[in-house]
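Asker: missing the sequence, but the structure's below:
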């Protein structure tokens, strides 16, 4: 036994018995579910209620015993962090709304010949952001027919897309005037084709329609709890951590603009997933990303095997940013097993709509009807796309899969320790002993790739040998976790310098006591994994 107690019933928690991984703060699944329901209903879902809750948590802090004090401080930090995120969303939506009102006023007062309708072939040009090229929410999107009514040839010329959520609306209902168009798109966002049995009423006295029509701060408090799972969803759709963050922000902005048209026939969660999926599909159309095969580089030994798939935009995802089972007990959509890099890479090979159907049905847990509504498809089309996506995904997955057990975790940590020690001691022999015979090394977005122990050993010998003219420098490593795997953040102190600088994040796939795959990423994402960008030389 330990002095830790369950946060729900205050009973003592059982000891870990040497097991690794994140410790639970509840004694049973029943207590976890109870706490989850209480969090969803507490206090009144508004910013004022959250602030009052923070005040109560501060007053309840007790310095003794240490476990209780630590649990109280952790809860307080989580609440303050949530308030900070809510404030950020409120600030961004208020700024965006202010910019939109200013632009609408200018356009309504002095129409510009450059203003083009977001309809048909004469769509307005996209406005891109500074980092990922995320399009402005008024960008049009194309898609299949609405499930509630068959589309005829005349419909193709008489209908267009809602600029915010992608709904199909009559072309005549979308004015050329920007101000009028904005009011139409707000009214167009409805869920009338969702059956009544899919209605999910959120806690509190307000209906879902009333909740999404609150002011900026309370609207942010309503949607912020879904940020983490929406970011995972966008990450799976886009394959990029950077893009996922921008896509979630774009989702919240689109939801804010479309809040007046929300009818409440589906839950807020389903509504947000619908907007997020359409945002990702718009992004896929703009970027037209397609996996390719790596190509041989002159003068480089890549090994004799077939070149692997090259996904230049693939990025890792920090395990620490995944919602835990305590936060979301039924979190299949964000579970460790569904975040593997090999799975993410395989998903990127699916066509965008098949990818969306697979994720919404198998991971998010939407019904066929809800998925059809979100993607402007029929339920039969959804089922057909799912039947094509599943075998295509299985064909690209490795035959051997990791065994998610405490023993496997301990074995993998031992391999990671030997991996980092061999690199830091520049021991090429010890390093290559850890590699499987058919190991694969890729470095997205760079064009370098190697298959087989011999090819990787030849490549590493140049940079790990101090007498080599291409000697990179001395290494230090810090452990991390990404996509359900162990990872090592590598730092290099180049000859003649005194500081170790971030160089590469190696995500390892380990089977047994051998490393079977290394995916090396660029170091700009180190802060997302809690890793510094520099280490002192005397570490």
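Answerer: Nice, thanks for sending it over. All of these numbers come straight from a predicted model, not from anything done at the bench.
Asker: What ranges does the stretch 151-300 of the chain have for its helices?
Answerer: Counting by DSSP state H, counting those that start in this stretch, the stretch 151-300 of the chain forms helices over residues 153-158, 178-188, 208-212, 216-223, 227-238, 241-257, 268-287, given from the N-terminal end onward.
Asker: And the fifth one, what does it pack against?
Answerer: I take that to be helix 227-238. Using 3 or more Cβ pairs under 8 Å, 6 or more residues apart in numbering; DSSP states H and E, the elements in contact with helix 227-238 are helix 241-257, helix 268-287, helix 341-347, helix 352-358. From N, CA and C alone the C-beta is placed, and that goes for glycine too.
Asker: so which of those helices comes closest to residue 302?
Answerer: When those are ranked by distance to residue 302, counting by Cβ to Cβ, first place goes to helix 341-347 at 18.3 Å.
Asker: So which of the helices of the stretch 151-300 of the chain is nearest residue 83?
Answerer: Between residue 83 and the helices of the stretch 151-300 of the chain, the tightest spacing by Cβ to Cβ is seen for helix 216-223, at 8.7 Å.
Asker: and the helices and strands packed on helix 227-238, which one is worst for confidence?
Answerer: When the helices and strands packed on helix 227-238 are compared on mean pLDDT, helix 341-347 scores lowest, with a mean of 89.
Asker: for it, packing partners?
Answerer: Partner elements for helix 341-347 (3+ Cβ pairs under 8 Å, 6+ apart): helix 227-238, helix 379-395, strand 499-511.
Asker: Can you list the strands that the next helix-or-strand element following the last one pairs with?
Answerer: Read in the C-terminal direction, the helix or strand following strand 499-511 is strand 514-521, with elements assigned using DSSP states H and E. Under the criterion DSSP bridges, strand 514-521 sits next to strand 435-442 (parallel), strand 499-511 (antiparallel) in its sheet.
Asker: Looking at the ones you listed, which one is packed in the most?
Answerer: For those, average neighbour numbers computed from mean count of other Cβ atoms under 10 Å are highest in strand 499-511, which has a mean of 20.
Asker: Please identify which helix or strand holds residue 52.
Answerer: Short version, using DSSP H and E: residue 52 is in helix 47-59.
Asker: What mean pLDDT does that helix get?
Answerer: When the per-residue pLDDT values of helix 47-59 are averaged, the result is 78.
Asker: Can you give me the neighbour number for the nearest residue to residue 477 once chain neighbours are set aside?
Answerer: Nearest non-adjacent residue to residue 477, counting by Cβ to Cβ, 6 or more residues apart in numbering: residue 420, 3.9 Å away. Residues within reach of residue 420, counting by other Cβ atoms under 10 Å, total 19.
Asker: Report the secondary structure state of residue 420.
Answerer: The three-state assignment at residue 420 reads helix, by DSSP: H, G, I helix; E, B strand; the rest coil.
Asker: That one and residue 480 touch, don't they?
Answerer: No. In this structure residue 420 lies outside contact range of residue 480 using Cβ atoms under 8 Å: 11.0 Å.
Asker: so what sits against both of those two?
Answerer: Contact with both residue 420 and residue 480 is made by residues residue 488, according to Cβ atoms under 8 Å, 6 or more residues apart in numbering.
Asker: Present the helices of the stretch 151-300 of the chain as JSON lines; the columns should include distance to residue 80 and mean neighbour count.
Answerer: Listed next are the helices of the stretch 151-300 of the chain as JSON lines, based on distance: least, Cβ to Cβ, whole Å; neighbours: other Cβ atoms under 10 Å:
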{"stretch": "helix 153-158", "distance to residue 80": "51", "mean neighbour count": "10"}
{"stretch": "helix 178-188", "distance to residue 80": "33", "mean neighbour count": "18"}
{"stretch": "helix 208-212", "distance to residue 80": "23", "mean neighbour count": "19"}
{"stretch": "helix 216-223", "distance to residue 80": "14", "mean neighbour count": "23"}
{"stretch": "helix 227-238", "distance to residue 80": "16", "mean neighbour count": "24"}
{"stretch": "helix 241-257", "distance to residue 80": "20", "mean neighbour count": "23"}
{"stretch": "helix 268-287", "distance to residue 80": "24", "mean neighbour count": "23"}
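Asker: where does the stretch 101-250 of the chain dip in pLDDT?
Answerer: Residues of the stretch 101-250 of the chain meeting the criterion pLDDT under 70: 101-214.
Asker: Show the residue spans covered by the helices in the stretch 401-539 of the chain.
Answerer: Counting by DSSP H, counting those that start in this stretch, the stretch 401-539 of the chain forms helices over residues 406-424, 428-433, 453-464, given from the N-terminal end onward.
Asker: Show me what the first one is in contact with.
Answerer: The one in question is helix 406-424. Contact partners of helix 406-424, identified using Cβ under 8 Å, 6+ apart, comprise 19-21, 402, 427-428, 430-431, 434, 464, 474-477, 479, 486, 488, 490, 506, 508, 510, 512-515.
Asker: go with 6 Å
Answerer: Outside of helix 406-424, the residues within contact range by Cβ atoms under 6 Å, 6 or more residues apart in numbering are 19-20, 430-431, 434, 475, 477, 486, 488, 510, 513.
Asker: what inclination does that helix have with respect to helix 453-464?
Answerer: Between helix 406-424 and helix 453-464, the angle formed by their directions is 50 degrees, by axes from the mean of the first three to the mean of the last three Cα atoms, to 10 degrees.
Asker: hmm, back to that, can you tell which of the strands paired with strand 514-521 is closest to residue 250?
Answerer: Distances from residue 250 to each of those were compared using Cβ to Cβ; the shortest belongs to strand 499-511, at 26.1 Å.
Asker: ok, residues contacting that closest one?
Answerer: Applying Cβ under 6 Å, 6+ apart, the contact partners of strand 499-511 are 316, 400, 412, 415, 476, 482, 485-493, 515-521, 523, 526, 533-535.
Asker: Repeat that for stretch 312-325.
Answerer: Stretch 312-325 is contacted from outside by 228, 235, 239-241, 331, 334, 444-445, 481-483, 507, 521, 528-529, using Cβ under 6 Å, 6+ apart.
Asker: Apart from its neighbours in sequence, what residue is nearest residue 47?
Answerer: Excluding the flanking residues, the one nearest residue 47 by Cβ to Cβ, 6+ apart is residue 217, at 4.6 Å.
Asker: mind giving me a markdown table with the helices and strands packed on helix 341-347 and columns for distance to residue 343?
Answerer: Supplementary listing: those in a markdown table, determined by distance: least, Cβ to Cβ, whole Å:
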| stretch | distance to residue 343 |
| --- | --- |
| helix 227-238 | 9 |
| helix 379-395 | 8 |
| strand 499-511 | 11 |
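Asker: quick one: which helix or strand includes residue 27?
Answerer: When secondary structure is defined by DSSP H and E, residue 27 falls outside every helix and strand.
Asker: Please point out which parts of stretch 522-529 sit buried.
Answerer: Of the residues in stretch 522-529, those buried under the neighbour-count criterion (16 or more other Cβ atoms under 10 Å) are 523, 525-526, 528-529.
Asker: among the residues you listed, which two are most distant?
Answerer: Across these, no pair lies farther apart than 523 and 528, at 10.9 Å, counting by Cβ to Cβ.
Asker: measure residue 239 to residue 445 for me?
Answerer: The spacing between residue 239 and residue 445, counted by Cβ to Cβ, to the nearest Å, is 11 Å.
Asker: The two: which is more packed in?
Answerer: Neighbours of residue 239 and residue 445, each counted by other Cβ under 10 Å, are more numerous for residue 239; the result is 24 against 12.
Asker: quick one: contacts for the more buried one?
Answerer: Residue 239 makes contact with 313-314, 344, 348, according to Cβ under 6 Å, 6+ apart.
Asker: again, but for residue 50
Answerer: Going by Cβ under 6 Å, 6+ apart, residue 50 touches residue 83.
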